[in-house]
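Q: what follows is a predicted structure for the sequence shown.
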Amino acid sequence: MTDLATQLARVCSAAFEAEGLESRWGAVKQSDRPELADFQCNGCMGAAKQAGMNPRALAAKIAPMIDAHASVDRVEVAGPGFLNIVVKNDALAEQATWIGADDRAGGGMVDQAEKVVVDFGGPNVAKPMHVGHLRSAVIGDTLVRLLRFLGDDVTGDVHLGDWGLQMGLLIIAVMDEQPGLPYFDADQSGPFPSEPPVSMDDLSRLYPMASTRSKEDETYAKRAQEAVAEMQAGRAGYRALLQHFIDVSVAALKIDYGFLDVSFDLWKGESDVDPLIAPMIEELKEKGFAKQDEGAWIIDVAKEGENVETVGKDGQTRLKNPMPPFMLVNSRGATGYHATDLATIKDRVETIGPDRILYVVDQRQALHFEQVYRASDQVGYLSRDRLEHLGFGTVNGADGKPFKTREGGTLRLADLNQMALEEATRRIGETGLSGDIDDEEKAEIGELVARAALRFADLQNQRTTNYVFDLERFTSFEGKTGPYLLYAAVRMKALLRRAADEGVVPGDIRVEAAEERKLVLALDGFALALHLAREKRMPHFVCEHVYGLSQAFSAFYSACPILKDGVEPEKKASRIALCKVVLHQLEAGLGILGITAPERM
Ligand code: ARG
């Protein structure tokens, strides 16, 4: 089975073909005017124009062919040639029954599954995450869940930033504090102690200190640079220390990500491709892809028309559409972000063999990825069309500028989670929804509400736009929020429990009332929403769907009595069954968004 829109599109397409016209005119969608029809096909206008026919006359020919379908109650030709389709109540009931029994709750599957790597999260070891890292985590994790749900073979990789200057800063900061440690003895080749010499608290204290100092103290900055260079060159003590920093950071990251139910299949980082870099550079030099440029090794990735010099009105020469070269090795002989990303592509191709790699990273890194992708294409690792940068907008404060803490610093994910947890817990008490729930359960619910609030607030926006961070609005049980959706799900669960207590058993679904029809039509839109979200890599389509579904349920709930005295038993049984189907799909949709509803709230 599939959704009704797809079933009807098949019928319509066949009807156009029978008239000697292209099948693509048979596309069907839910009606823009639900008061007139359930579905509509707008193909007659275009098809008639192309074939030199009268659109209404064409529509009049097509209509009876659609009408003949078992699910269709009636078809009307409207306006210049719209086909308005109303389906039978029985067809809607059948559809709801199928969705209830379907593992994917009517969400469908992709025609052609792909092997996909999703590169997301991207936190930097020891550096505090900023809210941009939150977006990457939540959007990336949702895309992983979505693609997996639809049948793709997905690997999520955190791609830790663990190879940059911050590691050098930490090495010297620890050295100054604990100079006696074996890691600083250049003659030592190990083994080194397995216990880390620092905790996460130490790292959080040392990194900002060292970072600030390096900006004021040139000698200090130089020492840090030298330490990174030595670490990258393979000095054993520094490598051992790097591994400790990574382990300590990863343990902390797992807690913060866990709060948001974000997970990764691979915890690889930039440092993991280090062994691949030297041979890669050799290969690219040998094959003539890399060329020397003022002491550096670069790959020219500009296309024709880019990097064209223009002379402005002021007589100054400027570059039009600048596309700087891909920097394989810089003039100091060091490799950086370009090289690690290219080597990572090579590694993924060799070890995973993906059809596609998606990068969920801040829009501001667009140029970097364009350079990396073009280089990958040129040297033949993975072609440009299989590499997608999924950028996202910034999270802003009320002032419209990128969000900062009250103290003006970057917000740590751990603090953000804590803030959301406090706000959510406060709200639970406030609405009085918690009833006689004990403190332990209340704490668990608080976490679920906080997670729903943060994730939904982020995901409901079109990925590429900015949004304003407003915890009070995000945690509200009213409006288009995560907590509202939890409330909807919890209400359904409570209703089902009450029905069970009263001995009402879900029975055959019958669809009669207008609100029941609308509710089933909402259910029927799930497959399209998921399909769009996957195609455009935009989770907000899933958010729109679950929100619309909850609203349709709300309208049904107020218009159609379910367990009230006097409602005939078949109707009770049908409505409870429908409620169960809605909950099934709502939980599937929320699951894709990484949101879990509690049993009660
Ligand atoms: N660590 C980077 C940052 O904080 C993000 C990494 C994104 N992924 C990648 N393959 N470059 O900006």
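A: Cool, the structure landed.
Q: drop to CA atoms for contacts and neighbour counts, all remaining ones
A: Noted.
Q: state the pLDDT value of residue 432.
A: If you check residue 432, the pLDDT there is 64.
Q: what do you get for residue 248?
A: Reported pLDDT for residue 248: 95.
Q: could you find the closest non-adjacent residue to it?
A: residue 200 (5.9 Å; Cα to Cα, 6 or more residues apart in numbering).
Q: give me the residues contacting stretch 179-193.
A: 175, 235-238, 240-241 (Cα atoms under 8 Å, 6 or more residues apart in numbering).
Q: filter those to the buried ones?
A: Among those, those classed as buried by 16 or more other Cα atoms under 10 Å are 235-238, 240-241.
Q: which one among those residues gets closest to the ligand?
A: Closest approach between these and the ligand, by Cα to the nearest ligand atom: residue 241, at 19.5 Å.
Q: the strand or helix carrying that closest one: what's the following helix or strand?
A: Using DSSP states H and E, residue 241 sits in helix 236-259. Where DSSP H and E defines the elements, the next helix or strand beyond helix 236-259 is helix 274-286.
Q: tell me where the stretch 1-150 of the chain has strands.
A: Using DSSP state E, counting those that start in this stretch, the strands of the stretch 1-150 of the chain run over residues 28-30, 39-41, 72-78, 82-87, 115-119.
Q: can you list those strands in CSV and add distance to the ligand, mean pLDDT and mean neighbour count?
A: Formatted as CSV, these follow (distance: least, Cα to the nearest ligand atom, whole Å; pLDDT from 0 to 100; neighbours: other Cα atoms under 10 Å):
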stretch, distance to the ligand, mean pLDDT, mean neighbour count
strand 28-30, 38, 97, 21
strand 39-41, 43, 98, 25
strand 72-78, 50, 97, 18
strand 82-87, 47, 98, 23
strand 115-119, 6, 98, 23
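Q: dump those into TSV; add distance to residue 214 as well.
A: Converted to TSV, these look like this (distance: least, Cα to Cα, whole Å):
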stretch	distance to residue 214
strand 28-30	60
strand 39-41	64
strand 72-78	72
strand 82-87	68
strand 115-119	31
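Q: what distance do you get for residue 425 to the ligand?
A: 31 Å (Cα to the nearest ligand atom, to the nearest Å).
Q: and the residue of the stretch 501-601 of the chain found nearest the ligand, what does it touch?
A: Residue nearest to the ligand within the stretch 501-601 of the chain: residue 537 (16.9 Å; Cα to the nearest ligand atom). By Cα under 8 Å, 6+ apart, the contact set of residue 537 is 143, 390.
Q: and the residue nearest to residue 248, how far from residue 247?
A: Counting by Cα to Cα, to the nearest Å, the gap from residue 200 to residue 247 is 10 Å.
Q: ditto for residue 288
A: Separation of residue 288 from residue 247 (Cα to Cα): 39 Å.
Q: the more surrounded of the two?
A: Neighbours were counted for residue 288 and for residue 247 using other Cα atoms under 10 Å; residue 247 has more, 16 against 11.
Q: and the residue nearest the centre of the chain?
A: Centroid-nearest residue in the chain, with Cα atoms, centre = their mean: residue 139, separated by 2.5 Å.
Q: what is the burial count for the closest residue to it other than its chain neighbours?
A: Take residue 139 and drop its neighbours on the chain: the residue closest to it by Cα to Cα, 6+ apart is residue 459, 6.6 Å away. Counted by other Cα under 10 Å, the residues lying close to residue 459 total 22.
Q: tell me the phi and psi of residue 459?
A: Note on residue 459: its backbone torsions stand at phi -70, psi -30 [degrees, to the nearest 10].
Q: redo the contacts of stretch 179-193 as TSV? Include distance to the ligand and pLDDT.
A: Formatted as TSV, those follow (distance: Cα to the nearest ligand atom, whole Å; pLDDT from 0 to 100):
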residue	distance to the ligand	pLDDT
175	25	97
235	23	95
236	24	96
237	24	97
238	21	97
240	21	96
241	20	96
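Q: in the helix holding residue 241, what's buried?
A: 236-250, 252-253, 256-257, 259.
Q: which residues are contacting it?
A: With Cα under 8 Å, 6+ apart as the criterion, helix 236-259 contacts 125-126, 137, 162, 167, 171, 182-186, 188-190, 192, 196-200, 203, 227, 230-231, 263, 413-414, 417, 447, 451.
Q: convert that helix to PDB, retaining C-alpha atoms only.
A: The C-alpha coordinates for helix 236-259 follow below in PDB (Å, rounded to 0.1, in the frame of the first residue of the first chain):
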ATOM      1  CA  ALA A 236      55.200  10.100  21.400                       C
ATOM      2  CA  GLY A 237      54.500  12.000  24.600                       C
ATOM      3  CA  TYR A 238      52.400  14.600  22.900                       C
ATOM      4  CA  ARG A 239      50.500  11.900  21.000                       C
ATOM      5  CA  ALA A 240      49.700  10.100  24.200                       C
ATOM      6  CA  LEU A 241      48.600  13.400  25.700                       C
ATOM      7  CA  LEU A 242      46.400  14.100  22.700                       C
ATOM      8  CA  GLN A 243      44.700  10.700  23.200                       C
ATOM      9  CA  HIS A 244      44.000  11.500  26.800                       C
ATOM     10  CA  PHE A 245      42.500  14.900  25.800                       C
ATOM     11  CA  ILE A 246      40.300  13.200  23.200                       C
ATOM     12  CA  ASP A 247      39.200  10.500  25.600                       C
ATOM     13  CA  VAL A 248      38.300  12.900  28.300                       C
ATOM     14  CA  SER A 249      36.500  15.200  25.900                       C
ATOM     15  CA  VAL A 250      34.600  12.400  24.200                       C
ATOM     16  CA  ALA A 251      33.300  11.200  27.600                       C
ATOM     17  CA  ALA A 252      32.000  14.600  28.300                       C
ATOM     18  CA  LEU A 253      30.500  15.100  24.900                       C
ATOM     19  CA  LYS A 254      28.700  11.800  25.100                       C
ATOM     20  CA  ILE A 255      26.900  13.100  28.200                       C
ATOM     21  CA  ASP A 256      25.800  16.400  26.500                       C
ATOM     22  CA  TYR A 257      24.800  14.700  23.300                       C
ATOM     23  CA  GLY A 258      23.100  12.000  25.200                       C
ATOM     24  CA  PHE A 259      20.800  14.600  26.800                       C
END
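Q: show me what from this structure comes close to the ligand.
A: 119, 122-124, 159-161, 341, 361 (Cα under 6 Å from any ligand atom).
Q: any idea how far the nearest residue to residue 47 once chain neighbours are set aside lies from residue 42?
A: Once flanking residues are discounted, residue 47 sits nearest to residue 25: 6.4 Å by Cα to Cα, 6+ apart. Separation of residue 25 from residue 42 (Cα to Cα): 8 Å.
Q: so which of those two has more stuff around it?
A: More crowded of residue 25 and residue 42, by other Cα under 10 Å: residue 25, with 22 against 18.
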